[in-house]
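Asker: take this sequence and fold it.
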Amino acid sequence: RMESSRPTFGRDKRRGRNMREADRERERRQRSRIWTPGRAEVIDRLDSEGLLPAITFIFSRAGCQAAVQQCLHAGLRLNDEAARARVRALVEERTAGIPDEDLHVLGYFEWLEGLERGIAAHHAGMLPTFKEVVEELFVRGLVKAVFATETLALGINMPARSVVLEKLVKWNGEQHADITPGEYTQLTGRAGRRGIDVEGHAVVLWQRTMDPAALAGLAGTRTYPLRSSFKPSYNMAVNLVSQFGRHRSRELLETSFAQFQADKAVVGISRQVQRNEEGLEGYRASMTCHLGDFDEYARLRRELKDRETELAKQGAAQRRAAAAVALEKLRPGDVIHVPTGKFAGLALVLDPGLPAGRVGGHRGMEYHDGPRPLVLTAERQVKRLASIDFPVPVEPLDRMRIPKSFNPRSPQSRRDLASALRTKAGHHDVGRRRKERSAAADDTEIARLRAAIRAHPCHGCSDREDHARWGERYHRLLRDTRQLERRIEGRTNTIARTFDRICSLLSELGYLRGDEVTDVGKRLARLYGELDLLASECLREGVWEGLPPAELAACASALVYEARTADDALPPKLPPGRAKDALGEMVRIWGRLDALEEEHKINQAEGVGQREPDLGFAWAAYRWASGHGLDEVLREIDMPAGDFVRWTKQLIDVLGQIAAAAPDGSVARSARRAVDGLLRGVVAYSSVG
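Answerer: Sure thing, here's the model as predicted:
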C-alpha cells in the first residue's frame with residue numbers, strides 16, 4: 001500500500017504545479033485584456049452613457065487633428081439631419097467674409113464635415129474664426145465632442161458635461177513632465193455646466209504606466225502655489241521714471257507681489273540664521289580660555305592644518321606624476337617591487353603596458369589611466385597592474401631574461417620563471433624602503449606657525465583640547481551661517497536691483513538722465529514688446545529709413561516672431577532689396593545690446609533683457625505684404641494658418657507702434673502703408689471677427 005501511494009503523491013504535486021501555472025496564465029491573459037480604448041470608442045461610450053458634450057484634452061496640435069480624422073473614419077455621427085443643417089447655416093454665415101480661394105487652403109471642407117457630425121478640434125494653430133465657430137457650436141450643443149490642447153482650459157467659456165484626459169504627462173518644450181495638481185484642476189474644471197448639470201465627470205484613460213495613487217493625489221489637491229511672473233522691462237523703466245522718478249519707482253517695485261514672493265522664500269533661511277547665531281553664542285562661551293584669546297589660538301591651528309593639507313596634496317600630486325614617469329620607463333625583464341595593493345611584493349615585468357606612440361587600449365586611442373604593466377609575481381600569478389598600485393615611483397631592482405618559450409598560461413612556465421625571480425632578487429633588500437623627507441619639514445611658513453602656537457598663552461591651558469573641539473564647532477557653524485547670509489543677500493530686493501541695472505544701462509545709452517527721461521527715452525516709452533529697446537535703437541540709428549512697406553514689414557517681423565520650439569523654427573529666408581542689409585544691422589545692434597546687458601548683469605535667463613531677433617517669419621511677412629496669396633505664402637513657410645494669422649496680427653500691432661514712435665518721415669509713412677498691405681484676406685477678417 002505504501003509503495004502504491006508514492007506515485008499518487010507525485011501526481012498530486014504535478015497537478016498542484018500545473019494548477020498554479022494555469023492560474024498565472026489566466027492572470028496574465030486577464031491583464032492582457034486591459035487596453036486603452038481608441039478615441040472613437042471613448043466618444044461612442046460617452047454618448048451611450050449620456051455624458052456628452054465632452055472635451056478631450058490632447059497635448060498636441062497634430063494629435064487633435066488626428067483624433068477628428070479617426071472619429072470620421074470610424075463613421076461616428078453625433079448630429080441628426082436637423083442639427084447638421086443648423087451647423088452648415090451657422091458656419092456659412094460666420095465664414096462668408098473669407099475669400100473663396102482661401103477656403104481650400106484652410107481645410108474648410110474637411111473642417112465643415114467634422115462640425116456637421118458634431119466633432120471638432122480646437123488649438124492655437126487654427127484660424128481664429130474657425131476656433132470661434134467651434135466655441136459657439138459647442139455652447140449651442142451642435143458640437144458634442146471637441147479635441148483640444150490645454151489652451152482651451154484658459155479663458156474660454158466652453159463648459160462640458162465630461163472632460164477626458166488621454167495622458168497625465170505633457171511635453172513642456174524640454175521633456176515629458178507630469179501635469180501638476182493645478183493643471184489637472186484647470187483642465188477637469190471644464191466639466192459640469194452651471195445650471196444644467198448637477199455634476200461634472202472627469203475621465204482619465206488607463207495607461208500601463210499610470211499610478212492610481214498619483215491620480216488620486218491630483219484630484220484631491222485643493223491648494224495651489226501662486227507664482228508671480230512680473231519682470232521689469234526697459235519700456236516699464238522709462239514710464240515709471242517719467243511718472244514717479246527713480247527713487248519712488250524703486251520703492252513701488254519693492255512692494256510688488258513678485259518681491260514679496262522672493263522675500264518670503266528668505267523667511268525660512270533667516271530663521272535658520274537666527275538659530276545658528278544662538279548656537280554660536282553658546283559655542284563661543286564654551287571655547288573661552290582664562291589664559292588668553294582662544295579664538296586667535298584656534299585660528300593659528302587652522303592655518304597650520306590648512307598649510308599641511310596643501311603641502312600633502314602637492315606632495316601626493318608630485319608622487320603620482322613621478323610614479324607615472326617611472327612606469328613609462330619600465331621594460332620587459334625588469335625586476336621591480338610593487339609597493340602596495342593586492343599583489344605587493346616582487347614582480348617581473350612581462351609587458352610595460354605602453355604600446356608604441358604612447359597609445360593605450362586600441363591603437364589610435366589616447367590612454368588616460370597611465371601605463372598598465374603586465375607582471376609575473378613571486379607567487380606565480382600573471383596580473384596587469386594599474387597606476388593605483390604605484391603610489392610612489394618604482395625603479396628596477398635588477399633585470400632577467402624572459403625565455404622565448406615562456407607561456408603565461410602554462411603553470412609550469414610560471415612556476416619556473418617565478419622560482420628564477422625569487423633567486424635573482426634574493427640579494428636585494430626590498431623589505432625596507434627609505435622614508436622620504438616630508439615637504440612640511442622644510443617649509444618656513446609651517447615652522448613659523450608652529451612657533452607661534454607654542455608661544456601662545458592658550459597653548460599651556462590644561463583644557464586646551466576641550467576648548468579646541470568647541471572652537472571647531474564654532475567655526476564650522478560660522479561658515480555655514482555666512483553661506484546662508486549670502487543666499488539671503490542674493491534673494492533680497494531682486495526686483496529693485498534688476499530695475500537699478502536697467503536704469504544704469506538706459507542712462508549709459510542716453511535714455512535717462514537722473515530722474516529725467518530724454519527725448520529718445522520718450523520714444524522708447526511708446527514701444528511695447530520683448531525687443532522694445534532694439535526697436536528704439538533701430539529708429540535711433542535710422543536702420544529702417546527709406547525701406548518700402550513690404551521690406552519694413554519683414555524687418556519688423558523679427559521683433560515679434562519667435563519659434564515655439566527648436567523643431568518649429570523656420571529657416572531664415574531673407575527678402576531682396578535693402579531689407580537684407582537692414583536685418584543684418586538689426587542683428588548687429590542686438591549683439592551690442594547683448595554685450596551691454598552682460599556688462600550690467602541683466603540676465604536673459606531670468607526673463608529680463610533682449611532675446612535674439614528671430615528672422616524666420618521675415619519672408620512670409622514680405623510676401624504677404626507684397627500681395628501674394630495665402631496658399632502661396634503658407635506653402636513656402638509650412639506654417640498652420642492660425643499661427644500665420646496670429647503672428648501677422650502681432651506684426652500689425654508693432655508696425656502701429658513704430659508709426660507712432662518714429663519721427664514724422666519715411667519710416668512712419670512706410671509703417672502705415674505696411675499695415676494696409678498686411679490687413680487683408682483672412683487676416684482682416686480675423687481682425688474684425
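Asker: how is this structure partitioned into domains?
Answerer: Following the assignment in automatic domain parsing, the chain carries domains at 1-31, 39-220, 331-427, 526-688.
Asker: quick check: which of the ones you listed is nearest to Glu251?
Answerer: Each of these has some distance to Glu251 by C-beta to C-beta; the shortest is domain 526-688, at 19.6 Å. From N, CA and C alone the C-beta is placed, and that goes for glycine too.
Asker: stretch 141-160: end-to-end distance?
Answerer: With C-alpha to C-alpha, to the nearest Å as the measure, stretch 141-160 spans 10 Å from end to end.
Asker: what about Leu346, which SS state?
Answerer: Three-state call for Leu346 (DSSP: H, G, I helix; E, B strand; the rest coil): strand.
Asker: quick one: contacts for it?
Answerer: For Leu346, the contact set (C-beta atoms under 8 Å, 6 or more residues apart in numbering) comprises Val335, Ile336, His337, Val338, Thr377, Ala378, Leu421, Arg422, Ala425, Val430.
Asker: wait, isn't the fourth one in contact with Phe390?
Answerer: Yes - Val338 lies in contact with Phe390 (C-beta atoms under 8 Å); the separation is 7.4 Å.
Asker: the two - which one has more neighbours?
Answerer: It is Phe390, of Val338 and Phe390, that has more neighbours when counted by other C-beta atoms under 10 Å, with 24 against 20.
Asker: read off the pLDDT value for that one.
Answerer: Phe390 carries a pLDDT value of 85.
Asker: render the CA-only coordinates of stretch 292-300 in CSV, please.
Answerer: The C-alpha coordinates for stretch 292-300 follow below in CSV (Å, rounded to 0.1, in the frame of the first residue of the first chain):
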residue,chain,number,x,y,z
GLY,A,292,44.1,84.3,26.5
ASP,A,293,42.2,84.7,23.3
PHE,A,294,41.4,81.2,22.3
ASP,A,295,39.8,82.3,19.0
GLU,A,296,43.2,83.6,17.9
TYR,A,297,44.9,80.4,19.0
ALA,A,298,42.3,78.3,17.1
ARG,A,299,43.0,80.4,14.0
LEU,A,300,46.7,79.6,14.2
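Asker: may I see the buried residues of that stretch?
Answerer: Residues of stretch 292-300 classed as buried by neighbour count (16 or more other C-beta atoms under 10 Å): Phe294, Asp295, Tyr297, Ala298, Leu300.
Asker: tally of neighbours for the closest residue to Pro393 other than its chain neighbours?
Answerer: Computed as C-beta to C-beta, 6 or more residues apart in numbering, the closest residue to Pro393 that is not its neighbour in sequence is Ala326, at 4.0 Å. By other C-beta under 10 Å, 17 other residues sit near Ala326.
Asker: Ala326 against Pro391, yeah?
Answerer: No - assessed by C-beta under 8 Å, Ala326 is found out of contact with Pro391, at 11.5 Å.
Asker: need the domains of the chain in a markdown table (columns: distance to Ile502).
Answerer: A markdown table is the format used below for the domains of the chain (distance: least, C-beta to C-beta, whole Å):
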| stretch | distance to Ile502 |
| --- | --- |
| domain 1-31 | 60 |
| domain 39-220 | 27 |
| domain 331-427 | 47 |
| domain 526-688 | 7 |
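Asker: looking at these, which is buried most?
Answerer: Looking across the domains of the chain with neighbours counted as mean count of other C-beta atoms under 10 Å, the highest average goes to domain 526-688: a mean of 19.
Asker: for that one, what is the distance to the chain centroid?
Answerer: Remark: domain 526-688 is offset 28 Å from the chain centroid, using C-alpha atoms, centre = their mean, to the nearest Å.
Asker: now swap in stretch 178-197 and tell me
Answerer: On C-alpha atoms, centre = their mean, the centre of stretch 178-197 falls 28 Å from that of its chain.
Asker: for that stretch, give the mean pLDDT please.
Answerer: 74.
Asker: now stretch 315-334
Answerer: Average pLDDT, stretch 315-334: 85.
Asker: what does it rub up against?
Answerer: Stretch 315-334 is contacted from outside by 336, 348-352, 354, 358, 370-371, 373, 387, 390-396, 398-402, 438-439, using C-beta under 8 Å, 6+ apart.
Asker: recalculate using a threshold of 10 Å.
Answerer: 336, 339, 347-354, 358, 369-375, 385-402, 436, 438-440 (C-beta atoms under 10 Å, 6 or more residues apart in numbering).
Asker: now, which of those residues lie within strands?
Answerer: Residues of the contacts of stretch 315-334 located in strands (DSSP state E): Ile336, Ala347, Leu348, Val349, Leu350, Asp351, Leu374, Val375, Asp398, Arg399.
Asker: I'd like the distance between the spatially closest residue to the third one that is not a sequence neighbour and Gln657.
Answerer: With C-beta to C-beta, 6+ apart as the criterion, Leu348 has its nearest non-adjacent residue at 4.6 Å, and that residue is Leu376. According to C-beta to C-beta, to the nearest Å, Leu376 stands 83 Å off from Gln657.
Asker: angles on the backbone of the closest residue to Leu330 other than its chain neighbours, please.
Answerer: Sequence neighbours aside, Pro352 is the residue nearest to Leu330 in space, at 4.5 Å (criterion: C-beta to C-beta, 6+ apart). Pro352 adopts backbone torsions of phi -70, psi -10, taken as degrees, to the nearest 10.
Asker: any idea how far Pro352 lies from Leu385?
Answerer: Taking C-beta to C-beta, one finds Pro352 at 11 Å from Leu385.
Asker: what touches both of those two?
Answerer: Common neighbours of Pro352 and Leu385, counting by C-beta under 10 Å, 6+ apart, are Leu327, Pro371, Arg372, Pro373, Leu374, Val375.
Asker: the third one touches Leu350, doesn't it?
Answerer: No - look at Arg372 against Leu350 with C-beta atoms under 10 Å: they stay out of range, at 11.9 Å.
Asker: buried residues in the lengthiest helix in the chain, which are they?
Answerer: The residue-count maximum for a helix in the chain (DSSP state H) belongs to helix 294-328. For helix 294-328, a neighbour-count test (16+ other C-beta under 10 Å) marks 294-295, 297-298, 300-301, 303-304, 307-308, 311, 320, 323, 326-327 as buried.
Asker: and that helix, how far out from the chain's middle?
Answerer: 39 Å.
Asker: keeping just the C-alphas, turn stretch 487-506 into PDB.
Answerer: Only the C-alpha atoms of stretch 487-506 are listed here, as PDB (Å, rounded to 0.1, in the frame of the first residue of the first chain):
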ATOM      1  CA  ARG A 487      21.900  83.400   0.000                       C
ATOM      2  CA  ILE A 488      19.700  85.900   1.700                       C
ATOM      3  CA  GLU A 489      21.600  88.800   0.100                       C
ATOM      4  CA  GLY A 490      21.200  87.200  -3.300                       C
ATOM      5  CA  ARG A 491      17.400  86.900  -3.000                       C
ATOM      6  CA  THR A 492      16.500  90.200  -1.200                       C
ATOM      7  CA  ASN A 493      15.500  93.200  -3.300                       C
ATOM      8  CA  THR A 494      16.000  91.200  -6.500                       C
ATOM      9  CA  ILE A 495      13.300  93.200  -8.400                       C
ATOM     10  CA  ALA A 496      14.600  96.600  -7.300                       C
ATOM     11  CA  ARG A 497      18.200  95.500  -8.100                       C
ATOM     12  CA  THR A 498      17.100  94.500 -11.600                       C
ATOM     13  CA  PHE A 499      15.400  97.900 -12.000                       C
ATOM     14  CA  ASP A 500      18.600  99.600 -10.900                       C
ATOM     15  CA  ARG A 501      20.600  97.700 -13.500                       C
ATOM     16  CA  ILE A 502      18.100  98.500 -16.300                       C
ATOM     17  CA  CYS A 503      18.200 102.200 -15.400                       C
ATOM     18  CA  SER A 504      22.000 102.100 -15.300                       C
ATOM     19  CA  LEU A 505      22.100 100.700 -18.900                       C
ATOM     20  CA  LEU A 506      19.400 103.200 -20.100                       C
END
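Asker: with that, I have no additional questions.
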